[in-house]
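> Could you work out the structure for the sequence below:
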Amino acid sequence: MAKALVIGAGIAGIASALRLHKKGYEVTVIERNSYPGGKLHAITQKGYRFDLGPSLFTMPHLVIELFELFDKNPKSYFNYKRKKTICNYFWDDGQRFTATAAKNDFIQNASTSFNEPIEQISKYLERNKKKYDLTASLFLEKSLHKLSTYLSVQTLKSILQIGILDVTSSLDETNKSYFKNPKLVQLFNRYATYNGSSPYETPGIMSMIPHLEMEYGTFFPEGGMHQISLSLYQLALDQGVQFNFNENVQEITIKNHTASGITTNLQSYEADFVISNMDVYPTYKYLLKDQKAPEKTLSQERSSSALIFYWGIDREFPELDLHNIFFSADYKNEFDTIFNKKTVFEDPTVYINITSKENPSDAPTGHENWFVMINCPGNYGQDWEALKQQAKKHIISKLDSILKIDLDTLITTEHILDPVQIETDTSSYRGALYGAASNTQFAAFLRHPNFSRSIKNLYFCGGSVHPGGGIPLCLLSAKIVADLVPKIKDHE
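Numbering: from 1, shown residues only. Okay, here's the model as predicted:
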């Protein structure tokens, strides 16, 4: 039987393993850590459960189709519910806004709250939908690096309508062309952080990201975000995929310009195909040391990272929901500080995720589990111990002011995740959450492809390669890889 090896049990690695197993390959996944899921992990501390990685679940059909691939009932493994509220937004001047999942309600409420014409908001959202419909099959579902992708009617249609994609203007410029209220512009600018970029640099085509939330909805998985990776891991086990944990891959074996296996700290493996779910930068630097690396691609600007405080809170806050944003009063300066000054901004935008709102057992009765995150630069050798203390002070001051509380007295337990730890735990270069940043109009085309141009039978999946980071795009990267790997009969 033809064999495939997957390096890394992140969600893209698990999904790739499932899809290759379905194609008839004998699949083994090698994972350095003791657990599956990569960034999609969790901890329990003093009665509080915290998701350590991604906190937003959208496009659940990309998870569900993996169960359906094997004719399994997804509900036997995995359940989730749709949220009626997308996010609660807070500003320093006391204004608050609840973004509802129902599009018409959102338009009406946003029009009232921000004094913007209903027609203009509707026009903006409709244009976002058109951007997605025109580009999804090209940018998200196929390899951008294969000629066959461009030989289609859909691609031609996209090219002929490139003017509406706003690739030559920034997301901020695009949003300002629709709205006068700076708060509504800021609300839509924040979607640049979904791929670790700056709204003042990333192209306006990224305005299609809020369309995904409104079209497909936002969801909460029963058991928390970690349950997504755990359920797919269980499915893979049930199908016969082999997982070897606590095993560190040291080299990808190359013979005659062809990947033929791997060597780990424990043993060597032979395989017909090798798929790396490891960040593409360390894949080349450490696993392919004797091979010519695509230096131009690897030298691209990295995405932002995150500084996350996991706090047990000795109180409940009815004004908060699963997702909450407390905006900086100087958004442009915040992103300049992150990407250019490479440090933490003194007035950061604060995101709070509280899963105990949906799953009460995630915190003791009367308490809440706060996942408190700010965007920050990757690890460039800064003094992170000092930065963490500064950031904590600024975050608490901001939340105290807006929520009228004394937060420091409510924190019962704390765990901190910084870019250094993210890099250590997940091999993400510089702790970047999304691989390369998308701060240029050509960023989508510059991401590393899902295959090697110089080494046969070597493929790549996960957030550091095409089409990008985040759960949906990682799952799509696995789908692209599975489409690129030959069928068994073609291979033999």
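> Tyr380 and Ser305, how far apart?
10 Å (Cβ to Cβ, to the nearest Å). From N, CA and C alone the C-beta is placed, and that goes for glycine too.
> intersection of neighbour lists for the two?
Common contacts of Tyr380 and Ser305, defined by Cβ atoms under 8 Å, 6 or more residues apart in numbering, comprise Arg430.
> Compare the two (neighbour count), which wins?
Ser305 (25 against 11; other Cβ atoms under 10 Å).
> Isn't the more buried one up against Ala432?
Yes. Counting by Cβ atoms under 8 Å, Ser305 touches Ala432, with 5.8 Å between them.
> what residues are shared contacts of those two?
Taking Cβ under 8 Å, 6+ apart as the contact rule, Ser305 and Ala432 both touch Gly196, Gly378.
> What strand or helix carries the residue nearest to Gln239 when sequence neighbours are not counted?
Computed as Cβ to Cβ, 6 or more residues apart in numbering, the closest residue to Gln239 that is not its neighbour in sequence is His21, at 5.5 Å. Remark: His21 resides in helix 11-22, with elements defined by DSSP states H and E.
> what's the neighbour count on the residue nearest to Gln239?
21.
> Tell me which residues touch it, please.
For His21, the contacting residues are Val27, Ala236, Gln239, Gly240, Val241, by Cβ under 8 Å, 6+ apart.
> try 7 Å
Going by Cβ atoms under 7 Å, 6 or more residues apart in numbering, His21 touches Val27, Gln239, Gly240, Val241.
> Just the buried residues of these.
Neighbour-count burial within those applies to Val27, Val241; the criterion is 16 or more other Cβ atoms under 10 Å.
> my read: Ser235 touches Ser76, true?
To be clear, residue 235 is Leu; Ser isn't right here. No. Using Cβ atoms under 7 Å, Leu235 is not in contact with Ser76; the gap is 9.4 Å.
> In terms of neighbours, single out the busier of the two.
Between Leu235 and Ser76, Leu235 has the larger neighbour count (other Cβ under 10 Å), namely 25 against 12.
> Go ahead and report the secondary structure state at the more buried one.
Following DSSP: H, G, I helix; E, B strand; the rest coil, the label given to Leu235 is helix.
> Could you pull up phi and psi at Asn369?
Phi and psi for Asn369, reported as degrees, to the nearest 10, are phi -100, psi 110.
> Scan the protein for its longest helix.
Determined from DSSP state H, the single longest helix within the chain is helix 384-403.
> Can you give the contact residues for it?
The set of residues external to helix 384-403 that reach it, using Cβ under 7 Å, 6+ apart, is 90, 92, 307, 309, 326, 343-344, 346-348, 350, 372, 374, 406-408, 416, 418, 420.
> Of those residues, which qualify as buried by neighbour count?
Buried among these (16+ other Cβ under 10 Å): 90, 307, 309, 326, 343-344, 346-348, 350, 372, 374, 407, 418, 420.
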